[in-house]
Every structure is written in C-alpha cells, then in structure tokens.
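*Asks:* Sharing a sequence plus its predicted fold:
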Amino acid sequence: MPWWFWILLWIALIALSLLLHVTLGYRLYRKMMSTVRELGEAGKKFSSLPAARIDPDIEAHDAPNERPEQGSAVFASPEQMRHDYVTAKAARQEVRRRKRIQRKAERGQPQSLHDIEFS
C-alpha cells in the first residue's frame with residue numbers, strides 16, 4: 001500500500017477520535033448544565049422554609065424561657081448537671097413523642113400504644 005494511504009488512515013482516525021471527544025464533551029456539558037439548573041431550582045424552593053404546623057404546647061417545650069448563663073456548668077455540682085441533663089432529655093423525648101403523635105394523627109396512621117397517654 002502506498003505511503004499516502006497510511007497518512008490518510010491516521011488523519012481519519014484522529015478526526016474520528018476528535019469528533020468522539022467533542023460529542024462526549026458536549027453531552028457532559030449539557031448534563032452538567034441541567035444539574036446546575038435543577039440545583040438552582042431546589043435552592044429557590046428550599047431557601048425559605050414553610051411555617052411549622054406544630055401545636056403551641058410543643059413549641060413551648062422546644063424553647064425554654066430560662067437559660068443558664070454561659071459557662072455556669074463549670075462551677076455547678078455534678079448532681080445539678082445530672083439533674084439538668086435528665087430533665088432536658090425527658091423534655092426532648094416528650095417533644096418528639098408529641099410530634100410523632102401529631103404526625104401520625106395528620107396522616108391517619110394508628111398510634112403506638114406507648115405513645116398514647118392514659119391519664
């Protein structure tokens with residue numbers, strides 16, 4: 001085969017490889033732009049949170065009015081810190097329980113027996 005045939009063959013292979021890379025690059029660019037567009041839409045959607053549909057009783061437990069001074073735990077007794085920890089933990093559990101009851105009631109799901117107050 002003549003030498004010019006080999007040169008034309010290599011030129012064709014390089015051209016096809018460049019065409020393949022350009023096509024793949026274009027597809028990658030399009031997918032990246034669609035992802036960026038979707039992220040922008042999601043950012044707009046979630047930039048402002050809707051108002052919570054929670055009972056006022058639950059919110060009262062979330063934000064106690066009295067907060068200890070910052071750094072007071074260093075000088076408090078271990079018994080007082082244990083008591084504060086246990087009461088705060090019980091309050092958080094109660095808030096979660098009330099939210100769970102409210103969520104299940106809104107969805108029409110059956111309540112769990114340990115969530116129902118009998119008193």
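*Replies:* Sure, I can see it.

*Asks:* Only C-alpha atoms from now on, for both contacts and neighbour counts.
*Replies:* OK.

*Asks:* So which residue is dead centre in this structure?
*Replies:* F46 (10.5 Å; Cα atoms, centre = their mean).

*Asks:* Quickly note the distance from that residue to S34.
*Replies:* 18 Å (Cα to Cα, to the nearest Å).

*Asks:* repeat for W6
*Replies:* From W6 to S34 the distance is 42 Å (Cα to Cα).

*Asks:* Ok, I7 next?
*Replies:* 41 Å.

*Asks:* same check, this time on T23
*Replies:* In terms of Cα to Cα, T23 sits 17 Å off from S34.

*Asks:* same thing with S17?
*Replies:* 26 Å.

*Asks:* same question, A12
*Replies:* 33 Å.

*Asks:* what do you get for E69?
*Replies:* Counting by Cα to Cα, the gap from E69 to S34 is 50 Å.

*Asks:* between these two, which one's more packed in?
*Replies:* S34 (12 against 7; other Cα atoms under 10 Å).

*Asks:* Using the three-state scheme, assign the more buried one.
*Replies:* Per DSSP: H, G, I helix; E, B strand; the rest coil, the secondary structure class of S34 is helix.
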